[in-house]
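> my questions are about this predicted structure, shown below with the sequence.
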Amino acid sequence: MPANILEEEVRKRRTFAIIAHPDAGKTTLTEKLLLFGGAIQMAGAVKARGEQRRARSDWMKVERERGISVTASVMNFDYAGRTFNLVDTPGHEDFSEDTYRTLTAVDSAVMVIDAAKGIESQTRKLFEVCRLRDVPIATFVNKMDREARDPFELMDEIESDLQLEVTPASWPIGSGSEFKGCYDLIRDRLILMDRRQGDVASEGIVCTGVDDPRIDELVPADLAAKLREDVEMIRGLCPPFDLETYRAGHQTPVFFGSAINNFGVRELLLGLAEYAPPPRPQKADGRAVEPVEGKVTGFVFKVQANMDPNHRDRIAFFRLCSGHFRRGTKLKHMRSGKLLAVNNAVLFLARDRELAEDAFPGDIIGIPNHGTLRIGDTLTEGEELRYTGVPSFAPELLQRVRLDDPMKVKHLRKALEHFAEEGASQVFKPLVGADWVVGVVGPLQFEVLAARLEAEYDLKARFETAGYDSARWVECDDPVKLKSFVDSRRADLAEDHDGALVYLARNGWQLNRAQEDFPEIRFMKTREQN
Ligand code: G4P
């Protein structure tokens with residue numbers, strides 16, 4: 001492929017995620033974004049499709065009962081001359097590790113805030129994850145059709161709470177039952193909300209500025225006056241939108257709207273099309289890889305089992321970082337050194353899954369496999385290179401599994417290894433003794449695991465306390481000192497599913513003691529995959 005075509009494809013790509021506190025409107029916004037992309041025909045399809053899928057898969061009962069979205073998926077759609085990849089993030093705090101890894105695969109994010117609630121706990125946590133990687137964020141203040149807080153107060157809260165410069169991209173005219181629409185500050189347009197129109201969004205009325213007399217014809221006098229006053233204040237108080245500062249992750253443009261009324265969604269999407277960054281250079285060991293490089297490279301950031309209950313395959317979500325992928329491209333699996341001919345990868349078009357004939361940097365393709373591909377794995381067209389930055393986190397909860405039928409212990413081990421490879425949990429095999437310990441980040445994950453053991457492996461199991469409260473990967477440059485540590489603490493040591501050494505501590509005191517006794521040993525809370 002000529003270099004300029006690859007460049008053009010890279011320039012068109014927008015790969016992003018939506019971060020939000022549960023209930024702020026992430027699902028609704030996703031649905032409306034897809035509507036614009038022509039990816040779905042009618043509102044409600046995301047949920048309906050979700051429900052069908054859930055009905056087929058037993059373990060997702062937990063998800064349905066709790067009303068949370070456990071799994072992440074990817075949707076690809078076109079709009080305004082751009083190709084968008086929307087990567088869904090699980091919303092529940094128990095799944096923050098998964099969310100963290102998902103955010104390694106995007107180039108920007110949209111933060112959805114409920115206009116009546118402002119910044120909530122989960123918004124803050126997810127934002128911190130984005131900040132770690134300087135992911136640029138556009139903000140969507142949702143539910144303006146309901147009683148909302150004062151927009152200046154909301155902007156202030158975002159700025160002070162998240163330490164992030166804010167600049168409004170649109171400005172609301174009234175709120176609650178008085179909400180009339182927004183003034184698009186970027187494109188100087190008046191966009192009025194028509195509550196009867198449902199899913200059809202008006203194009204907006206082009207204005208010469210906020211003084212345009214047409215505004216007085218369309219908006220009640222008091223609201224028009226307030227709009228002019230507000231805009232004057234904004235221009236005095238807020239910094240103008242600055243592309244570089246936004247792309248560096250230091251400024252957020254704020255859009256106001258109402259996802260359920262399909263209002264403000266087009267402006268958000270146009271904003272992303274115009275300003276959100278195309279695929280960025282990705283850090284690998286040794287060098288940064290430019291997306292326009294000719295050879296394919298990328299990494300696996302998620303593995304998911306049972307997406308299709310008819311096939312027991314796992315799907316590895318592979319983020320393409322450079323090159324032009326074609327069906328059948330042979331990729332080298334860096335961890336094993338083996339070549340994979342990728343013939344059956346899928347692109348996640350929002351309507352359906354479709355075989356990926358072509359994919360470009362920023363795209364995410366699903367590669368079905370039987371467990372060869374793991375989170376953090378790098379695939380290339382031959383170059384010796386490894387992507388970094390897809391970590392494992394030390395689990396905060398550790399338990400043992402008890403089987404109702406002890407004869408099935410081999411099956412149990414296989415299942416636990418599968419879960420660990422998927423990144424759904426971690427498994428530690430003690431150096432002494434036979435009871436494996438399972439580690440997770442949030443307590444709900446144990447319920448999900450128990451439900452999956454039963455549904456997918458026909459194993460009835462309970463999780464019980466293991467007596468440990470923390471796990472740390474251990475490393476030491478001096479093999480003699482490492483051996484002496486292992487000899488003295490053998491009873492509290494285990495191996496993870498990759499064979500890496502892990503110290504399991506019963507309490508904080510014990511962990512401190514081990515650190516004091518063995519100062520040369522590094523006790524690590526995170527581990528880079530591979
Ligand atoms: P989430 O994925 O972030 O958890 O939020 P979701 O989209 O499911 O929205 C949470 C609730 O807020 C839903 O109501 C949804 O209809 C409502 N909502 C979303 N956007 C808007 C908006 O712009 N204005 C108003 N007034 N409501 C909005 P629900 O009653 O919990 O669910 P449902 O029965 O409507 O599906």
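Yep, it's here.

> flag every residue of the protein that's near the ligand.
20, 22-28, 91, 142-143, 145-146, 258-261 (Cβ under 6 Å from any ligand atom). The C-beta positions use only the backbone N, C-alpha and C, and glycine is treated the same way.

> for Gly264, which residues are in contact?
With contact set as Cβ atoms under 8 Å, 6 or more residues apart in numbering, Gly264 has these partners: 140, 144, 170, 182, 191, 255-258.

> try 7 Å
Under the criterion of Cβ atoms under 7 Å, 6 or more residues apart in numbering, the contact list for Gly264 reads 170, 182, 255-258.

> which stretches of the stretch 101-250 of the chain have low pLDDT?
195-204 (pLDDT under 70).

> so how far is stretch 171-182 from its chain's centroid?
Its chain's C-alpha centre and that of stretch 171-182 lie 31 Å apart, by Cα atoms, centre = their mean, to the nearest Å.

> returning to that earlier point: any idea which of the contacts of Gly264 is closest to the ligand?
Comparing these against the ligand with Cβ to the nearest ligand atom places Ser258 closest, at 3.5 Å.

> of the residues of the chain next to the ligand, buried ones?
Using 16 or more other Cβ atoms under 10 Å as the burial test, those include 20, 24-28, 91, 142-143, 145, 258-261 as buried.

> could you save those residues as CSV and add columns showing distance to Glu447 and secondary structure?
Shown next, in CSV, are those (distance: Cβ to Cβ, whole Å; DSSP: H, G, I helix; E, B strand; the rest coil):
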residue, distance to Glu447, secondary structure
Ala20, 23, strand
Ala24, 24, coil
Gly25, 26, coil
Lys26, 22, helix
Thr27, 22, helix
Thr28, 27, helix
Gly91, 17, coil
Asn142, 30, strand
Lys143, 31, coil
Asp145, 36, coil
Ser258, 35, strand
Ala259, 30, helix
Ile260, 31, helix
Asn261, 36, helix
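
> follow-up on the earlier one: mind checking which of the contacts of Gly264 land in strands?
170, 182, 255-256 (DSSP state E).

> which of these tops the neighbour count?
Counting neighbours by other Cβ atoms under 10 Å, Phe256 comes out on top of the ones in strands among the contacts of Gly264 with 30 neighbours.

> tell me the domain ranges of this structure?
With domains defined by the TED database, the chain comprises 16-70+89-275, 282-380, 391-528.

> what's opposite Cys182 in the beta bridge?
Pro172, Ile191 (DSSP bridges).

> residues touching the closest residue to the ligand within the stretch 51-200 of the chain, list them.
Residue of the stretch 51-200 of the chain nearest the ligand, by Cβ to the nearest ligand atom: Lys143 (4.0 Å). Lys143 makes contact with 25, 114-116, 258, according to Cβ under 7 Å, 6+ apart.

> nearest to Gly366 among the residues you listed?
Taking Cβ to Cβ as the measure, Gly366 lies nearest Gly25 of the contacts of Lys143, at 26.9 Å.

> pretty sure the closest one contacts Val112?
Yes: assessed by Cβ atoms under 7 Å, Gly25 is found in contact with Val112 at 5.5 Å.

> hey, what's in contact with both of these two?
Asn142.

> checking Phe299 next. Helix, strand or coil?
strand (DSSP: H, G, I helix; E, B strand; the rest coil).

> with Ala491 instead?
helix.

> put the alpha carbons of stretch 160-180 into PDB.
C-alpha atoms of stretch 160-180 as PDB (Å, rounded to 0.1, in the frame of the first residue of the first chain):
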ATOM      1  CA  SER A 160     -10.900  22.200  40.800                       C
ATOM      2  CA  ASP A 161     -11.700  18.600  41.400                       C
ATOM      3  CA  LEU A 162      -9.800  17.200  38.500                       C
ATOM      4  CA  GLN A 163      -7.200  19.900  38.200                       C
ATOM      5  CA  LEU A 164      -8.000  20.200  34.500                       C
ATOM      6  CA  GLU A 165      -8.400  23.300  32.500                       C
ATOM      7  CA  VAL A 166     -12.000  23.600  31.100                       C
ATOM      8  CA  THR A 167     -13.300  25.400  28.200                       C
ATOM      9  CA  PRO A 168     -17.000  25.200  27.000                       C
ATOM     10  CA  ALA A 169     -17.500  24.000  23.500                       C
ATOM     11  CA  SER A 170     -21.300  24.700  23.700                       C
ATOM     12  CA  TRP A 171     -23.400  26.500  26.200                       C
ATOM     13  CA  PRO A 172     -26.800  25.600  27.500                       C
ATOM     14  CA  ILE A 173     -29.800  27.800  27.200                       C
ATOM     15  CA  GLY A 174     -32.000  27.200  30.200                       C
ATOM     16  CA  SER A 175     -32.200  23.800  32.000                       C
ATOM     17  CA  GLY A 176     -34.800  21.300  33.100                       C
ATOM     18  CA  SER A 177     -38.200  21.900  31.600                       C
ATOM     19  CA  GLU A 178     -36.900  25.300  30.400                       C
ATOM     20  CA  PHE A 179     -34.000  23.800  28.500                       C
ATOM     21  CA  LYS A 180     -34.200  25.100  25.000                       C
END
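
> check which residues of that stretch are buried.
So stretch 160-180, judged by 16+ other Cβ under 10 Å, has buried residues 162, 164, 166-175, 179-180.

> where in the stretch 401-530 of the chain is pLDDT low?
In the stretch 401-530 of the chain, residues with pLDDT under 70: 529-530.

> picking up where we left off before, in TSV, list the domains of the chain along with distance to Arg82.
Formatted as TSV, the domains of the chain follow (distance: least, Cβ to Cβ, whole Å):
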stretch	distance to Arg82
domain 16-70+89-275	5
domain 282-380	10
domain 391-528	30
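
> helices or strands up against the longest helix seen in the chain?
In the chain, with assignment by DSSP state H, the single longest helix is helix 221-237. On a contact count with 3 or more Cβ pairs under 7 Å, 6 or more residues apart in numbering; DSSP states H and E, helix 221-237 meets strand 170-173.

> can you list contacts of the strand it packs on?
Residues contacting strand 170-173 (Cβ under 7 Å, 6+ apart): 144, 151, 179-185, 219, 223, 227, 230-231, 234, 255-256, 264, 267.

> kindly report the same for stretch 210-224.
Here stretch 210-224 has contacts from 173-174, 180, 183, 190, 192, 205, 207, 227-228, 231, using Cβ under 7 Å, 6+ apart.

> and it, C-alpha only, in PDB?
Below are the C-alpha coordinates for stretch 210-224, written out as PDB (Å, rounded to 0.1, in the frame of the first residue of the first chain):
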ATOM      1  CA  VAL A 210     -24.500  35.600  20.000                       C
ATOM      2  CA  ASP A 211     -25.800  39.000  19.000                       C
ATOM      3  CA  ASP A 212     -27.500  37.600  15.900                       C
ATOM      4  CA  PRO A 213     -31.200  38.900  16.100                       C
ATOM      5  CA  ARG A 214     -32.500  35.500  15.000                       C
ATOM      6  CA  ILE A 215     -31.700  34.200  18.500                       C
ATOM      7  CA  ASP A 216     -34.400  36.700  19.800                       C
ATOM      8  CA  GLU A 217     -36.900  35.300  17.400                       C
ATOM      9  CA  LEU A 218     -36.300  31.700  18.600                       C
ATOM     10  CA  VAL A 219     -35.500  31.900  22.200                       C
ATOM     11  CA  PRO A 220     -37.500  33.700  25.000                       C
ATOM     12  CA  ALA A 221     -36.100  37.100  25.800                       C
ATOM     13  CA  ASP A 222     -34.900  36.300  29.300                       C
ATOM     14  CA  LEU A 223     -33.000  33.300  28.100                       C
ATOM     15  CA  ALA A 224     -31.500  35.100  25.100                       C
END
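
> next, count neighbours for the residue in the stretch 401-530 of the chain positioned nearest to the ligand.
When distances are taken as Cβ to the nearest ligand atom, the stretch 401-530 of the chain reaches nearest to the ligand at Leu444, 15.7 Å away. The burial count assigned to Leu444 is 18, neighbours taken as other Cβ under 10 Å.
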